[in-house]
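Colleague: the following comprises the amino acid sequence and a computationally predicted model.
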Amino acid sequence: MTFTLSWGILATGQIATLFSKDLLISPCTRSVSDVTHKIHAVASSSSVERAQAFIDAITTENTDEKTRSRTEDVEVKRAEIKAYGSYEELVSDPGVQAIYVATPHSFHYEHALLALRAHKHVLCEKPFTINARQSKHLMSVAKANGVFLMEAMWTRFFPLVRELERMLHEEKVLGRIINVHADFGLEFPGIGDDHRLLNPMLGGGALLDLGIYALTWALLAAHRAPENLDEDGRPQKPRVTASMLKARTGVDAHTTIALDYEKSEIAALVTTNMRVRSLPESTARISGEKGYITIGWAPFRPESFTLHLLAPPATTGASGHQYVGTEYLSPKKIEFEIPGHGMFWEADEVARCVRDGKGQSTVMGWEETVMVMEIMDEARRQGHFQYPEELEAVEEGCGV
């Protein structure tokens with residue numbers, strides 16, 4: 001039997017549009033038959049008219065040749081989706097099972113908390129919160145109320161990423177991983193100080209907005225490596241060294257983070273900036289004993305990775321030391337088609353977890369979310385960068 005998850009969309013911006021349009025694509029497009037999705041309601045904080053305009057926009061005729069023939073009947077669904085002019089109305093609707101929080105990340109904590117306290121399952125956009133303390137509080141509320149909670153790190157659910165992890169950690173195509181370099185930079189010419197990327201009150205800066213993707217590539221390669229697991233199978237945390245260059249408003253314009261894993265002897269370098277675009281052919285490079293893998297553009301939505309293996313055989317010198325050759329085999333590009341934008345895979349995970357009564361995902365669990373937030377907290381501490389007190393605050397003593 002197919003399980004249907006009923007969604008409420010909290011916010012009406014660009015990312016909410018992409019997510020909602022993906023929900024309307026038939027699961028058969030991605031060979032999924034056990035779960036499906038319906039949008040029950042949409043809310044805008046400004047007006048019901050804006051929510052209705054959003055509904056009209058996401059239910060226009062699909063022109064994507066790859067998915068058009070298998071897109072749900074969106075025009076029929078238009079009349080079925082409710083429009084609300086406040087977030088409180090949305091989370092109070094008994095027909096909504098799960099809330100997708102798509103507001104700017106300076107509001108994630110507040111709005112996820114609103115939904116959790118209404119006993120709704122929550123998928124919250126990344127970065128999950130402003131700091132780790134806020135993340136931990138949301139998780140305690142979710143646990144107390146018996147609802148599901150996950151950070152919407154959509155890239156983690158791509159078939160490309162799942163195959164890359166299998167090749168790295170099960171097949172061990174590179175042998176032992178030695179180092180990782182991940183970079184995400186974009187240029188934003190001409191933006192004003194009130195733009196969300198430059199405004200401290202909106203959680204501005206490169207690290208939280210862009211750097212979280214570069215961190216994700218470093219962590220899936222280094223943090224999850226078998227050599228980094230303790231006796232109980234838990235990943236060991238890295239030593240964090242960071243530096244920042246500031247923009248005129250005080251937010252980070254460029255951040256560099258070194259992650260050193262002592263147990264596995266893996267070093268990862270993560271860089272992010274909002275001044276220059278990353279090299280398109282290699283936004284991440286994972287190097288091991290047998291070669292390296294490069295991840296092409298875009299770091300948030302890649303459609304391929306390329307395997308570069310050293311040519312055998314290795315040679316042994318007079319001292320007995322084994323020398324690996326410097327010649328490489330022909331690169332092998334592994335491609336993955338995305339039938340839509342690609343946000344439906346994380347939605348499918350939420351649906352399966354809700355169906356199965358789980359409080360968190362095994363793919364993108366709370367431990368990873370907290371660890372990423374703690375790394376970013378430490379990077380900001382070392383970079384002497386703190387957001388305004390009200391943005392960093394946690395509602396202590398407020399119960400669930």
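Modeller: Looks like it came in fine.

Colleague: where is the longest helix in this structure?
Modeller: helix 366-382 (DSSP state H).

Colleague: distance between whichever helix or strand comes after it and the chain's centre?
Modeller: Note on helix 366-382: by DSSP states H and E, the next helix or strand toward the C-terminus is helix 389-392. Offset of helix 389-392 from its chain centre (C-alpha atoms, centre = their mean, to the nearest Å): 23 Å.

Colleague: hmm, back to that, residues making contact with the longest helix of the chain?
Modeller: Residues outside helix 366-382 that contact it (C-beta atoms under 8 Å, 6 or more residues apart in numbering): 127-129, 131-132, 135-136, 139, 149, 151, 153, 207-208, 211-212, 215-216, 219, 223, 237-238, 240-244, 252, 255, 257, 259, 360, 386. C-beta here means a position set from N, CA and C on the backbone, and glycine is covered the same way.

Colleague: buried subset of those?
Modeller: 127-129, 131-132, 135-136, 139, 149, 151, 153, 207-208, 211-212, 215-216, 219, 223, 238, 240, 242, 244, 252, 255, 257, 259, 360 (16 or more other C-beta atoms under 10 Å).

Colleague: let's see which of these end up in strands.
Modeller: Secondary structure from DSSP state E places 149, 151, 240, 242, 244, 252, 255, 257, 259 of the buried ones among the contacts of helix 366-382 in strands.

Colleague: wait, the last one touches Val240, no?
Modeller: Same thing as Leu259. Yes - assessed by C-beta atoms under 8 Å, Leu259 is found in contact with Val240 at 6.3 Å.

Colleague: give the contact list for Cys124.
Modeller: 101, 108, 111-112, 138, 149-152.

Colleague: three-state assignment of it?
Modeller: Under DSSP: H, G, I helix; E, B strand; the rest coil, Cys124 falls in the strand class.

Colleague: gap between it and His181?
Modeller: Counting by C-beta to C-beta, to the nearest Å, the gap from Cys124 to His181 is 29 Å.

Colleague: before we move on, what about Gly13?
Modeller: 32 Å.

Colleague: more neighbours: which of these two?
Modeller: Per other C-beta atoms under 10 Å, whichever of Gly13 and His181 has more neighbours is His181, with 20 against 13.

Colleague: per-residue pLDDT, the more buried one?
Modeller: Model confidence at His181, expressed as pLDDT, equals 97.

Colleague: which SSE is it in?
Modeller: Assessed by DSSP H and E, His181 sits inside strand 177-185.

Colleague: now, among the ones in strands among the buried ones among the contacts of helix 366-382, which is nearest to Glu346?
Modeller: Glu151 (9.3 Å; C-beta to C-beta).

Colleague: run through the bridge partners of that closest one.
Modeller: Cys124 (DSSP bridges).

Colleague: that one touches Val122, doesn't it?
Modeller: No - applying C-beta under 8 Å, one finds Glu151 not in contact with Val122, separated by 9.7 Å.

Colleague: what are the contacting residues of the host helix or strand of Ser287?
Modeller: Counting by DSSP H and E, the element that carries Ser287 is strand 284-288. Applying C-beta under 8 Å, 6+ apart, the contact partners of strand 284-288 are 168, 174-183, 214, 217-218, 221, 292-295, 299.

Colleague: span of stretch 123-137 from start to end?
Modeller: End-to-end distance for stretch 123-137, by C-alpha to C-alpha, to the nearest Å: 15 Å.

Colleague: what mean pLDDT does that stretch have?
Modeller: Per-residue scores along stretch 123-137 average to 98.

Colleague: strands of the stretch 51-200 of the chain, residue ranges please.
Modeller: 82-84, 98-101, 121-125, 149-152, 177-185 (DSSP state E, counting those that start in this stretch).

Colleague: can you give me how far the last one is from the chain middle?
Modeller: Between the centre of strand 177-185 and the centre of its chain there are 17 Å (C-alpha atoms, centre = their mean).

Colleague: right, and the helix or strand after it?
Modeller: Next element after strand 177-185 (DSSP H and E): helix 206.

Colleague: determine the set of other helices and strands touching that following helix.
Modeller: strand 252-261 (3 or more C-beta pairs under 8 Å, 6 or more residues apart in numbering; DSSP states H and E).

Colleague: quick one, the strand it packs on and strand 177-185 angle?
Modeller: With axes from the mean of the first three to the mean of the last three C-alpha atoms, to 10 degrees applied, the angle from strand 252-261 to strand 177-185 works out at 170 degrees.

Colleague: helices or strands up against strand 252-261?
Modeller: Using 3+ C-beta pairs under 8 Å, 6+ apart: strand 252-261 touches helix 206, strand 239-246, strand 266-273, helix 366-382.

Colleague: which of the ones you listed sits most buried?
Modeller: Neighbour counts (mean count of other C-beta atoms under 10 Å) averaged over each of the helices and strands packed on strand 252-261 peak at helix 206, with a mean of 27.

Colleague: state the mean pLDDT of it.
Modeller: Helix 206 shows an average pLDDT of 97 in the prediction.

Colleague: name the residues that touch that helix?
Modeller: Contacts of helix 206 (C-beta under 8 Å, 6+ apart): 185, 197, 251-255, 272-274.

Colleague: which one of those sits closest to Glu281?
Modeller: Checking the contacts of helix 206 one by one against Glu281 (C-beta to C-beta), the nearest turns out to be Gly185, at 14.0 Å.

Colleague: number of residues surrounding the closest one?
Modeller: So Gly185, with other C-beta under 10 Å, has 20 neighbours.

Colleague: one more: the one 3 residues further on?
Modeller: Other residues near Phe188 come to 13 when the count uses other C-beta under 10 Å.

Colleague: likewise the one 3 residues further on?
Modeller: Counted with other C-beta under 10 Å, the neighbours of Ile191 add up to 14.

Colleague: next one: it relative to Thr249, how far apart?
Modeller: Distance, Ile191 to Thr249, by C-beta to C-beta: 10 Å.

Colleague: quickly list what's touching both of those two.
Modeller: Leu198.

Colleague: hang on, isn't Phe128 packed against His111?
Modeller: No - taking C-beta under 8 Å as the definition, Phe128 is not a contact partner of His111, at 11.8 Å.
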